[in-house]
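[1] Here's my sequence, what's the structure:
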Amino acid sequence: MTELSKLKLNDSKATRWGALAIVAFTMMAAYYVNDVVAPLKSMLESDLHWSSSEYGFYTGGYSFLNVFLLMLIWGGLILDRFGIRFTGKLATILMVGGTTLEYYAITALADNQTMVSFLGEHKLSVLIAFSGYAIFGVGAEVAGITVTKIIAKWFKGKEVATAMGVQVALARIGSQGAYAVSIPLAAAFTLSTPILLGLVFLVGGLIAFFVFAVMDKKLDRQIEKAAIETPEEGEEEKFSFRDVKSILVNKGFWLIALLCVLFYSCVFPFQKFATELMIEKYGISQNIAGFFAGLPALGALILTPVFGGFIDKRGKAASIMLLGSAMLIGVHCIYALPFLHYWLVAIVLMVVLGIAFSLVPSAMWPSVAKIFPVRQLGTAYSMIFFIQNIGLWGVPTLIGWVLNTYCRTETGTEVSYDYTLPMCIFTGIACLSLVVAVLLKVVDKKCGYGLEEANLN
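    Okay, here's the model as predicted:
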């Protein structure tokens, strides 16, 4: 067989990066929708009469089905059994359907009608929005593990950490866009307009994924041909349910999963409340508070590919995760100080959070691909995402309840919140993430995962 005939679709740098750009657009749309409601908390309270507890309940809906119906676990098993094309299409359809339900709840259910369900008594708009966000959350998380496995497949032996960093960076464009335009769009048009824009993006993302599926099918044909002509170049052994046990007994899995849930519980849930924090504590105008709350996403956009490239060439992934966790403690600890109200402090801390938010993901996700073989990656990622979703459900629900119960002050018709206690909670979680990062570095040295080694030989 000639060298030319051995070339596969992903051997072309332009083609594999083009494939990444296509699926990254889908994730960009997903991240936009995920964050688009966060800056609107105050408007939801004033226009739809939601309380902080109801907002926290709605926000926790993202992870509800993933946690209590184990949808992420099933998604990972489906991914490893049926492949990235089928799973990616299914996930994107779920995102479109869930966002449509959210849009309907915000648009058509603006009254105070209540409904009793097994989840308790809530406004009908809250319950429907919660349901839509829960469906969207299943699709978004399954899409996330699917895209991660796509990168592991298309960039195997190549710039895998850089590619994952670029994908995360492009996704953060969606997050930053949501924080930047959500309040201006809602003020200029209607409260649901930012969500409608996200729905349009997701439909475009669905079309984009179908385009990628054509490319991936061609790559699979080439891999199958290579497996026949040169067996050692074929795919690894197919996933078996016995592999679940080998994942669960792996120390590295549990440390990565714990670091993931603790770290992300200090970032994503915090950002859901950060816009109001900017307004309430630091006196930043409502029109620009959302932009500043989205600065971590902007920092990740710029820095994640840079750190990913560094890890590809120099390694040090475990050390980088430790550094990012330590920075997170400093950020939340300073936010918790009740006597600091200067607006510039808040903005600088958001920039530092953006750096930490770049360091840890750029090191964490490529590390999973070092600990597990390709056939187990879908399930390993899904189980890590499942554990992460426990935090993404529980922490915002807790913070919303704490704000409503202990931190709420009413002055006539005005309602304000003291964020000191919630920020102390975030600081405590960040401290736990640092402990886990230290343990991961110790275990990496003991078990020889190679997290400190470069990806490119």
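
[2] which stretches of the stretch 251-400 of the chain aren't confidently modelled?
    Regions of the stretch 251-400 of the chain meeting the criterion pLDDT under 70 are absent.

[3] how about the nearest residue to G309, chain neighbours excluded?
    Distance criterion Cβ to Cβ, 6 or more residues apart in numbering; nearest residue to G309, sequence neighbours excluded, is T162 at 4.8 Å. Placement of C-beta: from N, CA and C, glycine included.

[4] so that neighbour touches F307, yeah?
    No: counting by Cβ atoms under 8 Å, T162 sits too far from F307 to count as a contact (9.4 Å).

[5] What's the mean pLDDT across stretch 204-218?
    Mean pLDDT, stretch 204-218: 91.

[6] quick check, distance from that stretch to the centre of its chain.
    22 Å (Cα atoms, centre = their mean, to the nearest Å).

[7] Can you give the contact residues for that stretch?
    Contacts to stretch 204-218, defined as Cβ atoms under 8 Å, 6 or more residues apart in numbering, come from residues 9, 15, 19, 22-23, 25-30, 84-85, 88-89, 92-93, 95-96, 150.

[8] Go ahead and build a PyMOL selection from the buried members of those residues.
    Only the buried entries of these go into this PyMOL selection, using 16 or more other Cβ atoms under 10 Å:
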select buried, resi 9+15+19+22+23+25+26+27+28+29+30+84+85+88+89+92+95+96+150
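
[9] Keep only those of the contacts of stretch 204-218 that are in helices.
    The members of the contacts of stretch 204-218 that map onto helices under DSSP state H are 15, 19, 22-23, 25-30, 84-85, 88-89, 92-93, 95-96, 150.

[10] before we move on, back to that, give the contact list for the residue nearest to G309.
    Contact analysis of T162 by Cβ under 8 Å, 6+ apart lists P305, G308, G309, D312.

[11] which parts of whichever strand or helix holds the last one are buried?
    Translated: D312. Secondary structure from DSSP states H and E places D312 in helix 295-314. Across helix 295-314, burial judged by 16+ other Cβ under 10 Å covers 295-301, 303-305, 307-312.

[12] after that helix, next one along is what?
    For helix 295-314, the following helix or strand on the C-terminal side (DSSP H and E) is helix 317-336.

[13] how far is that following helix from where the chain is centred?
    On the basis of Cα atoms, centre = their mean, helix 317-336 sits 18 Å off its chain's mean C-alpha point.

[14] same deal with stretch 16-25?
    18 Å.

[15] same check, this time on stretch 400-408
    With Cα atoms, centre = their mean, you get 25 Å for stretch 400-408.

[16] buried ones in that stretch?
    Result for stretch 400-408 [16+ other Cβ under 10 Å]: buried residues G400, V402, L403, N404, C407.

[17] tell me the pLDDT at the fourth one?
    Among the per-residue scores, N404 holds a pLDDT of 88.

[18] Can you show me the helices along the stretch 151-300 of the chain?
    For the stretch 151-300 of the chain, the helices defined by DSSP state H, counting those that start in this stretch occupy 160-188, 193-229, 242-248, 251-265, 268-282, 286-293, 295-314.

[19] which outside residues touch the last one?
    Helix 295-314 is contacted by residues 31, 35, 159-166, 168-170, 172-173, 175-176, 179, 267, 271, 316-317, 320, 347, 350-351, 353-355, 357-359, 361-363, 366, 454-456 when judged by Cβ under 8 Å, 6+ apart.

[20] which of the residues you listed are buried?
    31, 35, 159-166, 168-170, 172-173, 175-176, 179, 267, 271, 316-317, 320, 350, 353-355, 357-359, 361-363, 366, 455.

[21] give the contact list for R172.
    Y31, A297, L298, A300, L301, T304.

[22] again, but for P269
    T59, G391, L392, V395, P396, I399, F426.

[23] likewise A180?
    By Cβ under 8 Å, 6+ apart, the contact set of A180 is G290, F291, G294.

[24] Need the residues you listed in a markdown table (columns: distance to I195 and neighbour count).
    Compiled in a markdown table, the contacts of A180 are given as follows (distance: Cβ to Cβ, whole Å; neighbours: other Cβ atoms under 10 Å):
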| residue | distance to I195 | neighbour count |
| --- | --- | --- |
| G290 | 14 | 27 |
| F291 | 18 | 23 |
| G294 | 17 | 27 |
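
[25] Looking at the residues you listed, which is nearest S42?
    Within the contacts of A180, proximity to S42 (Cβ to Cβ) peaks at G290, which comes in at 10.4 Å.

[26] So the closest one sits against L185, correct?
    No: if you go by Cβ under 8 Å, G290 and L185 don't touch, sitting 10.4 Å apart.

[27] okay, now T413: neighbour count?
    6 (other Cβ atoms under 10 Å).

[28] Distance of it relative to E45?
    12 Å (Cβ to Cβ, to the nearest Å).

[29] Could you report the separation of M423 from V267?
    13 Å.

[30] err, A163, not the other one
    Where V267 is concerned, A163 sits at a distance of 22 Å (Cβ to Cβ).

[31] My guess is L255 contacts L439. True?
    Yes: taking Cβ under 8 Å as the definition, L255 is a contact partner of L439 at 5.8 Å.

[32] higher neighbour count, the two?
    Ranked by neighbour count (other Cβ under 10 Å), L255 and L439 place L255 first, with 24 against 16.

[33] What degree of burial does the spatially closest residue to the more buried one that is not a sequence neighbour show, as a neighbour count?
    Leaving aside its sequence neighbours, L255 sits nearest to L440 (Cβ to Cβ, 6+ apart; 4.3 Å). Counted by other Cβ under 10 Å, the residues lying close to L440 total 26.

[34] from memory L440 sits against I320, does it?
    No: counting by Cβ under 8 Å, L440 stays clear of I320, with 11.1 Å between them.

[35] For the residue lying closest to K89 once chain neighbours are set aside, grab the count of nearby residues.
    The spatial neighbour of K89 that comes closest, neighbours along the chain excluded (Cβ to Cβ, 6+ apart), is F209 at 6.1 Å. Neighbours of F209 under the rule other Cβ under 10 Å: 26.

[36] what does L328 give?
    For L328, using other Cβ under 10 Å, the count is 29.

[37] Tell me the buried residues in stretch 196-205?
    Going by neighbour count (16+ other Cβ under 10 Å), the buried part of stretch 196-205 is L196, L197, G198, L199, F201, L202, V203, G205.

[38] Ok, stretch 251-268 next?
    Buried positions in stretch 251-268, judged by neighbour count with 16+ other Cβ under 10 Å: 252-268.

[39] any chance you could map the strands in the stretch 1-150 of the chain?
    Using DSSP state E, counting those that start in this stretch, the strands found in the stretch 1-150 of the chain span residues 114-117, 120-123.
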